[in-house]
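Visitor: What follows is a predicted protein model with its sequence.
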Amino acid sequence: MKSRLDIDFTDERFLMFVIDDMANHMEYDEGKEVIRLTLGKSELPLHDDIIKVMQNALGDFKKSALVYPGGLPVLKEELSKYYKEEFQVDIPAKNFIIGPGTSTLFRNLFAILSDKRDDVLLPHPYYSLYRFSAMLAGANVNYYKIDPKTKRLDLDSFKANFTDKTKIVVINTPGNPLGNVLTDEELYAIDEIVNGQAVIINDEIYANVYFDQKNKSVMNLKNTKSTFITTNAFSKAYRMYSRRVGYCIVPDDFIEPMTVMLHHTQLTVDPVVQFGAIEALHKPEEVKTLVKGYKERRDYTTEKLRNIEGIKPIHSEGGFYYVVDCEEYMKKHNYPTSLRLAEDLIMQKQVATVPGSDFGLPYTIRLSFSAKKYKEGIDRLVDFFREGRMNDAD
């Protein structure tokens with residue numbers, strides 16, 4: 001029996017997990033060591049205090065049995081305090097909705113805000129979640145461009161693709177995969193064009209991972225004309241990737257719709273990990289340590305890759321990732337897809353990378369900073385690109 005959704009699920013595979021599955025096979029079945037530059041999952045363990053808090057909550061039945069579909073009230077209060085202290089914005093605790101990461105929150109937001117009659121406007125390149133959420137809702141997808149070279153918003157493409165049917169606009173800063181940072185001028189220009197017609201969903205999961213400037217939040221914008229909904233999570237800078245605690249910040253009108261969605265589709269996020277998230281908010285020095293390390297890796301990548309024939313490193317301004325433009329190399333060595341290139345990289349050098357096709361960049365690969373042997377992985381990539389393809393004939 002076939003799915004009734006008009007989606008080719010083979011074409012829509014997240015190729016990051018295809019390569020990561022190859023790494024699993026090589027490590028667990030063949031006993032090889034693979035340097036994984038795939039998932040945005042920090043190699044650093046959780047702070048002992050966070051682990052102890054979760055262990056204590058697990059052992060306390062009153063805590064471990066708590067059920068709040070929209071999230072623990074105490075976590076919402078702590079998030080409200082965090083945004084006040086970190087970004088100097090006042091957001092009432094009731095406007096935070098807690099979910100298992102941000103992915104299901106995106107899916108629910110798209111289900112509430114759009115259907116097959118509507119357009120949604122996404123950045124290009126994009127994180128695949130945005131596109132797939134739109135597909136599940138049946139909405140038509142349009143794109144505005146982020147220039148990979150300058151990392152600037154192409155305002156003309158935004159204007160051209162914002163239609164009278166657009167109900168959702170997604171922004172992501174710092175961006176995945178490019179690591180681009182939208183300026184305040186660009187954000188206000190977006191708001192001016194949208195002018196309240198559509199809801200702007202702001203994915204700021206990397207808002208505390210800026211390399212060259214002070215952290216900021218889109219919530220700092222003043223006197224905007226449009227409705228903004230912000231999503232964020234503890235999986236990146238707080239290193240709680242597998243614990244799955246995320247949240248969205250919604251205006252009053254969306255509190256009940258989002259909470260009722262969770263009544264029926266989620267019931268509750270594990271309270272144990274929510275208590276861990278509260279403790280994570282009290283460890284800002286942990287975030288600073290991670291950002292410092294990833295900035296060093298960013299700089300190492302730029303230095304090592306900038307003079308290699310056929311590839312062009314795209315310098316990241318923030319986030320967890322680095323994109324490498326491989327178009328000249330792929331054409332010279334007859335690579336039909338970025339998946340084929342990533343397969344050769346893992347087979348020949350035991351380095352797992354993400355095919356750029358996942359993000360609408362078919363001639364690129366994406367590297368995650370979050371690997372213990374990251375610099376060795378970059379050195380292996382340098383060797384690979386300098387050696388050329390072992391067999392140019394497919």
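Guide: Nice, I can see it.
Visitor: could you pull out the strands for the stretch 151-300 of the chain?
Guide: Along the stretch 151-300 of the chain, counting by DSSP state E, counting those that start in this stretch, strands occupy 166-172, 199-203, 227-233, 246-249.
Visitor: which residues sit against the second one?
Guide: Residues from elsewhere that reach strand 199-203, judged by CB atoms under 8 Å, 6 or more residues apart in numbering: 102, 106, 109, 113, 127, 130, 167-173, 190-191, 194, 218-219, 226-232. Just so you know, the C-beta spots here come from the backbone N, C-alpha and C atoms, and that holds for glycine as well.
Visitor: if we can go back for a sec, quick one: the strands of the stretch 151-300 of the chain as a markdown table, columns for distance to residue 381 too.
Guide: Converted to a markdown table, the strands of the stretch 151-300 of the chain look like this (distance: least, CB to CB, whole Å):
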| stretch | distance to residue 381 |
| --- | --- |
| strand 166-172 | 25 |
| strand 199-203 | 28 |
| strand 227-233 | 29 |
| strand 246-249 | 31 |
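Visitor: Mind putting these into JSON lines with mean pLDDT, mean neighbour count and distance to residue 11?
Guide: As requested, the strands of the stretch 151-300 of the chain are exported to JSON lines (pLDDT from 0 to 100; neighbours: other CB atoms under 10 Å; distance: least, CB to CB, whole Å):
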{"stretch": "strand 166-172", "mean pLDDT": "97", "mean neighbour count": "24", "distance to residue 11": "21"}
{"stretch": "strand 199-203", "mean pLDDT": "96", "mean neighbour count": "25", "distance to residue 11": "24"}
{"stretch": "strand 227-233", "mean pLDDT": "95", "mean neighbour count": "23", "distance to residue 11": "26"}
{"stretch": "strand 246-249", "mean pLDDT": "96", "mean neighbour count": "24", "distance to residue 11": "27"}
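Visitor: Quick one: mean pLDDT over stretch 357-369.
Guide: Averaging pLDDT along stretch 357-369 gives 96.
Visitor: Between the two ends of that stretch, how far is it?
Guide: Terminal residues of stretch 357-369 are spaced 19 Å apart (CA to CA, to the nearest Å).
Visitor: what does stretch 297-311 give?
Guide: 18 Å.
Visitor: Isn't residue 367 up against residue 324?
Guide: Yes - in this structure, residue 367 is within contact of residue 324 by CB atoms under 8 Å, at 6.7 Å.
Visitor: if you count what's nearby, which of those two comes out ahead?
Guide: Set residue 367 next to residue 324 and count neighbours by other CB atoms under 10 Å: residue 367 wins out with 28 against 23.
Visitor: how near is the more buried one to residue 377?
Guide: Going from residue 367 to residue 377 by CB to CB, to the nearest Å gives 8 Å.
Visitor: and for these two, which residues touch both?
Guide: Here residue 367 and residue 377 have residue 37 as joint contacts, going by CB under 8 Å, 6+ apart.
Visitor: low-confidence ranges in the stretch 1-150 of the chain?
Guide: 1-4 (pLDDT under 70).
Visitor: Can you show me the strands along it?
Guide: Counting by DSSP E, counting those that start in this stretch, the stretch 1-150 of the chain has strands at residues 35-36, 96-99, 119-124, 140-145.
Visitor: so what strands line up beside the second one?
Guide: To tie it back to what came earlier, the one meant is strand 96-99. If you go by DSSP bridges, strand 96-99 pairs up with strand 246-249 (antiparallel).
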